[in-house]
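In: got a predicted structure plus its sequence, pasted below:
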Amino acid sequence: MTKNNAVVPIEIPVPASQHYSYPPPRGTDTKYPNYKKLLNQLELGGANKINSWLESMRASSPTQTRQNSILGSSLVMPLEDETDEWIEEHPSALFKFEQIMAMSKGKKIVMFLDYDGTLSPIVDDPDRAYMSEAMREAVRDVAMHFPTAIVSGRCTDKVLSFVRLKELYYAGSHGMDIVGPTKGPKHIKSKTKEVLCQPASEFLPIIEEISKALIEKTKMIPGAKVENNKFCVSVHYRCVDEKKWDTVAEQVKSVLNEYPKLRLTQGRKVLEIRPTIKWNKGNALEFLLETLGYADSSEVFPVYIGDDRTDEDAFKVLCEKGQGIGILVSKVPKETNACYSLREPSEVKEFLQELVQWKRSNEH
Ligand SMILES: O=P(O)(O)OC[C@H]1O[C@H](O[C@H]2O[C@H](CO)[C@@H](O)[C@H](O)[C@H]2O)[C@H](O)[C@@H](O)[C@@H]1O
């Protein structure tokens, strides 16, 4: 096992036509350079010009076609052979299911699932991002067999109200609010809704304050929506006319300038304001593994499934630990530290169902 590889290479016979090198090589920094550069500009706080914010907001929403892009060819949808190449480098976790299970042999699988865009489809109204009953059943079944955590940018109570499963761990506010399960099978230790970790509790008043300021400053922008996620705040621009994205950027920037203890990150058509503390979904993953008794253990095989830029922090931890696998949910090629891909939530559901089936057929 090497530090840069998240998995132990295992040779499994596959037909020559489907033969990929394993572990799959990850995208290099030169592949999608502009996405990365633009997003970093914004998130590192180095962007003083609104143009940089705007470019970054567009870069995180790569939905333009080659014909209608206003940003130049490097930010448009990739060509077919670029997509093929990316899929070869990040093969479908469904297609490689047997291989993944072989890698986990003798280890304890622990599941980490992002919510929006992973368990529920992306929709215009964040308050209506429901998961299907079939998905809920799949997650419930997975949690019967493996310790399972939902890791989300949403506040814990909100994501809990969508998922409605008490047998899971929840790490809301990008991992800054972690609670344990209140019921479930024997691998679940805690039976009370115990707060396990809140590293940003001192920021509660300031988040409340900035949330109100952002509501005030964006209320005249049609379609803009502020969501208070308890330890962080989201400003949605999915429903804002693209011509007004600069206004969103200006207003958010003007408010954020007053709060040096807060910083900006980005998700899918959302600007996220959060404390400057070094805590992200990757730290939450490590914290949960430790809570489960798997700190520095080679006996564990974490599987993290997520679709968003903030999930990259968790993929990165797995890469650095040389443990388990990251699966990116995406229909389009993206710079990622994940090894595998799934195209959409329905494929996530299929993967979870296969996992349960595999576990049942391997039980003694
Ligand atoms: O970590 P996640 O669970 O993926 O949370 C990230 C953000 O997800 C939500 O926003 C996203 O989904 C919405 C509903 O489909 C969509 O309208 C929005 O454009 C997406 O960015 C959530 O509302 C945000 O607060 C989270 O930060």
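Out: Looks like it arrived, so ask away.
In: from H90, how far off is the residue most central in space within the chain?
Out: The central residue of the chain, meaning the one whose C-alpha is nearest the mean C-alpha position (CA atoms, centre = their mean), is D311 at 3.0 Å. For D311, the distance to H90 equals 14 Å [CB to CB, to the nearest Å]. All C-beta atoms are positioned from the backbone trio N, CA, C, and that covers glycine.
In: contacts made by the helix or strand containing E227 with the rest, please.
Out: Using DSSP states H and E, the secondary-structure element containing E227 is strand 225-228. In this structure, residues lying in contact with strand 225-228 by CB atoms under 8 Å, 6 or more residues apart in numbering are 126, 154-155, 207-208, 211, 214-215, 218, 233-236, 239.
In: in strands, which of these appear?
Out: Judged by DSSP state E, the contacts of strand 225-228 include 233-236 as members of strands.
In: ok, and which of those reach the ligand?
Out: 234, 236 (CB under 6 Å from any ligand atom).
In: which of the ones in strands among the contacts of strand 225-228 has the most neighbours?
Out: Of all these, the highest neighbour tally under other CB atoms under 10 Å goes to V235, namely 27 neighbours.
In: which residue packs closest to that one, ignoring adjacent ones?
Out: The spatially closest residue to V235, leaving aside those adjacent along the chain, is L271, at 4.5 Å (CB to CB, 6 or more residues apart in numbering).
In: what about that neighbour, distance to G322?
Out: From L271 over to G322 the distance is 33 Å, taken as CB to CB.
In: compare those two (neighbour count), which wins?
Out: Neighbours per residue, other CB under 10 Å: of L271 and G322, the larger number sits with L271, 26 against 15.
In: what helices and strands are in contact with the longest helix seen in the chain?
Out: Of all the elements of type helix in the chain, the one with the most residues (DSSP state H) is helix 345-361. The elements that helix 345-361 packs onto, with contact taken as 3 or more CB pairs under 8 Å, 6 or more residues apart in numbering; DSSP states H and E, are helix 97-103, strand 108-113, helix 133-145, strand 325-329.
In: please report how far the residue nearest to V235 lies from S52.
Out: With the distance defined as CB to CB, L271 ends up 13 Å from S52.
In: please apply the same query to A200.
Out: Using CB to CB, which is the criterion applied here, A200 is 27 Å from S52.
In: which one's more surrounded, the two?
Out: Set side by side, A200 and S52 give different neighbour counts by other CB under 10 Å, the larger being at A200 (22 against 15).
In: am I right that that one is in contact with I277?
Out: Yes. In this structure, A200 is within contact of I277 by CB atoms under 8 Å, at 5.7 Å.
In: please enumerate the shared neighbours of the two.
Out: When CB under 8 Å, 6+ apart defines a contact, the residues bordering A200 and I277 alike are M176.
In: in contact with S120, which residues?
Out: With contacts defined as CB under 8 Å, 6+ apart, the neighbours of S120 are 129-132, 135, 162, 345.
In: ugh, wrong one, I meant M111
Out: If you count contacts by CB under 8 Å, 6+ apart, M111 has them with 142-143, 146-149, 302-303, 305, 355.
In: could you do L262 as well?
Out: If you count contacts by CB under 8 Å, 6+ apart, then L262 has 203, 206-207, 210, 256, 273-276 around it.
In: generate a ChimeraX selection restricted to the buried subset of the residues you listed.
Out: Buried residues within these, as defined by 16 or more other CB atoms under 10 Å, are selected in ChimeraX through the command that follows:
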select :203,207,210,256,273,274,275
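In: mean confidence score for the strand holding E227?
Out: This predicted structure assigns strand 225-228 an average pLDDT of 98.
In: and what of stretch 334-341?
Out: The predicted model assigns stretch 334-341 a mean pLDDT of 95.
In: so what sits against both of D311 and H90?
Out: Both D311 and H90 are contacted by 328, 338, under the criterion CB under 8 Å, 6+ apart.
In: give the contact list for the residue nearest to V235.
Out: Taking CB under 8 Å, 6+ apart as the criterion, L271 is in contact with 57, 234-235, 237, 248-249, 252, 264.
In: in those residues, find the pair that's most separated.
Out: The most widely separated members of the contacts of L271 are S234 and A249, with 14.6 Å between them, by CB to CB.
In: pretty sure R238 is touching V248, no?
Out: No. The criterion here is CB under 8 Å, and R238 misses it with V248 at 10.7 Å.
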